[in-house]
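Q: got a structure for you, letters missing:
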């Protein structure tokens, strides 16, 4: 694994108006790994992704992609530098077809093309003519991932992929994430369902009230699962057994 | 019967096409950035005067049409970049007031440069007079306008629904942040969008000049009915602007035939009726702009 | 957002306004300019009620203003030529004109609301322009200023004090209203309407009341205006006039009690000075508007209700977060009731 992380946040502060959403957040994502970003509602997980994506400018701190500072860059530049975004709730362009959702993200000359997305997700090819708003939750999640992939990202920011989906579909989605990792895409994964995320992640951070309160990697994660559960506010009888 | 009705129907479609084109321009600008462009009429008038200036220097009508439309579009791009773009992050009140201020400056400038009364806008001789279609005799200029506006609207729809750029515009109307996150430079998109809106206004203005007469307040006289059209057709809907425009145009024209005293008020009655039945307009949809 | 009943500031304003009939002529200006400033300030206050406090971008208040102007003139011409009843009729007419279009407006917000105010403003303008028999059409309505009591006429200086008295009355009323539960509710709606709904407020109903109050203020201003200039004409209702009123609020400072007066003063003085200086004064006024919007959007008194305007998206973000949080605490939004 290369030394320089693919993505690195150092002491990032972000505000929504007067509300201090992120307080000195520092984290890393290395190429080819899945990193879980955990925490309760309102802890700042989505805000972190939005700040990385350039949708919210940080008030302080730096964000580096492959060593190059991207904090303060507009979202479209961050996207073109190789960051893909699969937002919470999928944010489909509901009145456009599934195919059109993919088309408007298309950028020539990259690893991924719309054709390749269709090969990877054959269901989407079937659904290409259907209005995106009419797709099921699982189909939308696949489309959202495909839409982000069309830009050939090196890093994928995924927010709550399991939200509103049944267990079978969730397994499907997570299998896809593991495959993408195997294909070389790094993933920063925001999840409310900590156990789910910890099953695939090599590294995990827990946010609470805008601060990083836990950071761990590899074998430590298995050992720390109970502690993570406490930090997430799970009642003691629901804590995962290490 | 047909002989009586047909000219009014054509009038109605011509009038309606004007309203539709101006309304579509307004709608495009409003839907994407929430900017209510009170200077839209000023762009129409500007295009008329520029066309007049080109023809005064010997240009043909069609050269003037193309030249003035493009020039006006360039002015529109400048206005958007210099002024309006600064206000996107604020509540829409400010862009509304900005365009209001610009419209005041524009109107007075026209008065200073070209005088307060009508200037003789020459409709080319081969477009004057009448054309006979079977039994029906119709003014040629109006037929040409109708044809031109239909072509323009069709071209616009093709642009929006058949090109990548048009697709991106339609996406950005729904969710500009997501468009940016997918790699589209939304600032450029906003400029392109505004430019298209102004281009439509310019074309309408140049044709209107030959029909209504060219003076500093010409554009504003078409502006308010265009607003009514947007209200009737529904905010956020281009199809609504087209249908609304044609509906108003036809209703006004046919009313002129049977009940001339009511022909002007019918537009407002129509608006009230539509809003009672469909509070968002005929094709209006819930959007982020209220 | 603070509502400062600044005693010093208010006293200062009161002194200046009382001294105006002597100050203006000293500056070679007509006292009727002072009257105009007061009436425009009252009209701008009507906009401020909607814009500065309730958060609604109203762009059609000139219609209510114009209705007041015509109503008082028509009353003075056709019924009793007496000043106070004529003004009262104008005030009520302005209020009714707002109540009439209210139901169309209250269910929308944002720029759609603005669009509707523009559209309905035009309806009133059209009626004034076309209903020749009643309104004199394009030529307008000339009216002799009726006497206040007995047969004694009212000259310009006396009319100024009359207008000042009414202005002061309305400003006191406004001040009380803004501090009352009703006023606080309006301001809550202006700050965060979603939250207000979650707290059980039927916001549409309050918007209707705000519109009614706004119509009353604008109608009174208009009623006095036609009495002041002895004339009522359609352009009083035009969208340009509405825009001028909105601009006065912004120039002075949205959401402040005296902002409209300050803005009206800037506008009226500016127009007066500029129009005698150059024929192209409209360009200067337009440039002033543009400069204000771009460079000092908070206006002179500087306490804009949304601090120069936060981005709609971030507001939506905040609004989006609130319902979730509030719902989690057991609140549910009140269903919007239609009126009638």
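A: Perfect, thanks for sending it. Only a predicted model underlies this, so the values are computations on that prediction, with no experimental measurement involved.
Q: Show me how far stretch A:42-50 is from its chain's centre.
A: 11 Å (Cα atoms, centre = their mean, to the nearest Å).
Q: Residue A:223: which element?
A: Assigning secondary structure by DSSP states H and E places residue A:223 in helix A:219-231.
Q: buried sites along that helix?
A: A:221, A:224, A:225, A:227, A:228, A:229, A:231 (16 or more other Cβ atoms under 10 Å in any protein chain shown). C-beta coordinates here come from the backbone N, C-alpha and C atoms, glycine included.
Q: contacting residues around the fourth one?
A: Contact partners of residue A:227, counting by Cβ atoms under 8 Å, 6 or more residues apart in numbering or on different chains, are residue A:214.
Q: And the pLDDT at it?
A: pLDDT for residue A:227: 80.
Q: Equivalent analysis for residue C:266, please.
A: The model's pLDDT for residue C:266 equals 94.
Q: wait, doesn't it sit right on residue C:300?
A: Yes - the criterion here is Cβ atoms under 8 Å, and residue C:266 meets it with residue C:300 at 7.3 Å.
Q: Tell me how far the helix holding residue A:223 lies from the chain's centre.
A: 21 Å.
Q: can you give me the strands in chain B?
A: Using DSSP state E, the strands of chain B run over residues B:130-133, B:136-139.
Q: Give me the sheet partners of the last one and which way each runs.
A: In other words, strand B:136-139. strand B:130-133 (antiparallel) (DSSP bridges).
Q: Look up phi and psi at the residue nearest in space to the middle of chain A.
A: Nearest residue to the geometric centre of chain A (Cα atoms, centre = their mean): residue A:158, 2.1 Å. Main-chain dihedrals, residue A:158, degrees, to the nearest 10: phi -120, psi 130.
Q: Could you report the pLDDT at the residue nearest to it when sequence neighbours are not counted?
A: Nearest non-adjacent residue to residue A:158, counting by Cβ to Cβ, 6 or more residues apart in numbering or on different chains: residue A:86, 4.4 Å away. Model confidence at residue A:86, given as pLDDT, is 96.
Q: number of nearby residues for residue A:86?
A: The number of residues packed near residue A:86 is 28, by other Cβ atoms under 10 Å in any protein chain shown.
Q: could you pull out the strands for chain A?
A: A:7-16, A:19-29, A:34-39, A:60-65, A:68-69, A:83-86, A:155-159, A:186-191, A:203-208, A:211-217.
Q: shaky segments in chain A?
A: For chain A, residues meeting the criterion pLDDT under 70 lie at A:1-3, A:234-242.
Q: what residues does it put near chain C?
A: Applying Cβ under 8 Å from any Cβ of the partner chain, one finds that chain A approaches chain C through A:16, A:17, A:19, A:41, A:42.
Q: Could you list everything the third one pairs with in the sheet?
A: Following DSSP bridges, residue A:19 is listed with bridge partners residue A:16.
Q: Could you identify the buried members of the residues of chain A next to chain C?
A: residue A:42.
Q: ok, longest helix in chain C?
A: Longest helix in chain C by number of residues, with DSSP state H as the criterion: helix C:203-229.
Q: Identify the residues contacting residue 185.
A: Assuming you mean chain A. A:32, A:149, A:153, A:154, A:155, A:156.
Q: wrong one, I was asking about chain B
A: A:74, A:76.
Q: ok, now how distant is it from residue B:168?
A: 10 Å (Cβ to Cβ, to the nearest Å).
Q: ok, residue 15 - how many residues close by?
A: The chain I'm using is chain A. Count around residue A:15 with other Cβ under 10 Å applied: 16.
Q: my bad, the chain I had in mind was chain C
A: Residue C:15 has 10 nearby residues by other Cβ under 10 Å.
Q: now swap in residue A:175 and tell me
A: 11.
Q: do the same with the one 3 residues further on
A: Counted with other Cβ under 10 Å, the neighbours of residue A:178 add up to 13.
Q: what's the answer for residue A:124, then?
A: Neighbours of residue A:124 using other Cβ under 10 Å come to 24.
Q: Just give me the neighbour total for the residue in the stretch 101-250 of chain C that chain A sits nearest to.
A: At 11.3 Å from chain A, residue C:192 is the closest residue in the stretch 101-250 of chain C, using Cβ to the nearest Cβ. By other Cβ under 10 Å, the residues close to residue C:192 number 16.
Q: For chain C, just list every one of the strands.
A: Counting by DSSP E, chain C has strands at residues C:141-142, C:231-232.
Q: Name the residues of the longest helix of chain C that are buried.
A: For helix C:203-229, by 16+ other Cβ under 10 Å, it's C:203-204, C:206-229.
Q: repeat for stretch C:78-93
A: C:82, C:83, C:86, C:87, C:88, C:89, C:90, C:91, C:92, C:93.
Q: Stretch B:102-118 too?
A: For stretch B:102-118, by 16+ other Cβ under 10 Å, it's B:102, B:103, B:104, B:105, B:106, B:107, B:108, B:109, B:110, B:111, B:114.
Q: does any bit of stretch A:161-172 sit next to chain B?
A: No - Stretch A:161-172 does not reach chain B (Cβ under 8 Å from any Cβ); its nearest approach is 15.9 Å.
Q: got the contact list for that stretch?
A: A:86, A:88-89, A:137-138, A:141, A:145, A:173-174, A:177, A:189, A:191-193, A:196.
Q: List just the nearest of those to residue B:216.
A: residue A:89 (49.8 Å; Cβ to Cβ).
Q: Please work out how many residues are found near the closest one.
A: 12.
Q: what sits against it?
A: A:160, A:163.
Q: Distance to chain B and pLDDT added to the buried residues of stretch C:78-93, as a markdown table?
A: Converted to a markdown table, the buried residues of stretch C:78-93 look like this (distance: Cβ to the nearest Cβ, whole Å; pLDDT from 0 to 100):
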| residue | distance to chain B | pLDDT |
| --- | --- | --- |
| C:82 | 33 | 88 |
| C:83 | 33 | 90 |
| C:86 | 28 | 93 |
| C:87 | 29 | 95 |
| C:88 | 29 | 95 |
| C:89 | 25 | 96 |
| C:90 | 23 | 96 |
| C:91 | 25 | 97 |
| C:92 | 23 | 97 |
| C:93 | 19 | 97 |
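Q: And the pLDDT for the closest residue to chain B within the stretch 1-150 of chain C?
A: When scored by Cβ to the nearest Cβ, the stretch 1-150 of chain C has residue C:110 as its residue closest to chain B, at 2.7 Å. Residue C:110 is assigned 89 on the pLDDT scale.
Q: the longest helix in chain A is where?
A: helix A:167-182.
Q: buried set for that one?
A: Applying 16+ other Cβ under 10 Å to helix A:167-182 flags A:169, A:170, A:173, A:174, A:176, A:177, A:180, A:181 as buried.
Q: what about the residue nearest to residue C:71 when sequence neighbours are not counted, distance to residue C:39?
A: Using Cβ to Cβ, 6+ apart and skipping residues adjacent in sequence, the residue nearest residue C:71 is residue C:93, 3.4 Å away. Separation of residue C:93 from residue C:39 (Cβ to Cβ) stands at 16 Å.
Q: hmm, back to that, what about the buried residues of stretch B:102-118, which are in helices?
A: Checked against DSSP H, these include these in helices: B:102, B:103, B:104, B:105, B:106, B:107, B:108, B:109, B:110, B:111, B:114.
Q: ok, which of those also contact chain C?
A: B:102, B:103, B:104, B:105, B:106, B:107, B:108, B:109.
Q: With pLDDT and distance to residue C:199 as added columns, please give these in a markdown table.
A: Below are these laid out as a markdown table (pLDDT from 0 to 100; distance: Cβ to Cβ, whole Å):
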| residue | pLDDT | distance to residue C:199 |
| --- | --- | --- |
| B:102 | 97 | 40 |
| B:103 | 97 | 40 |
| B:104 | 96 | 42 |
| B:105 | 96 | 44 |
| B:106 | 97 | 45 |
| B:107 | 95 | 46 |
| B:108 | 95 | 48 |
| B:109 | 96 | 50 |
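Q: Closest one of the residues you listed to residue C:148?
A: residue B:104 (37.2 Å).
Q: Distance of that closest one relative to residue B:220?
A: Taking Cβ to Cβ, one finds residue B:104 at 11 Å from residue B:220.
Q: Ends of stretch C:124-144, what's the gap?
A: This stretch, stretch C:124-144, spans 24 Å end to end (Cα to Cα, to the nearest Å).
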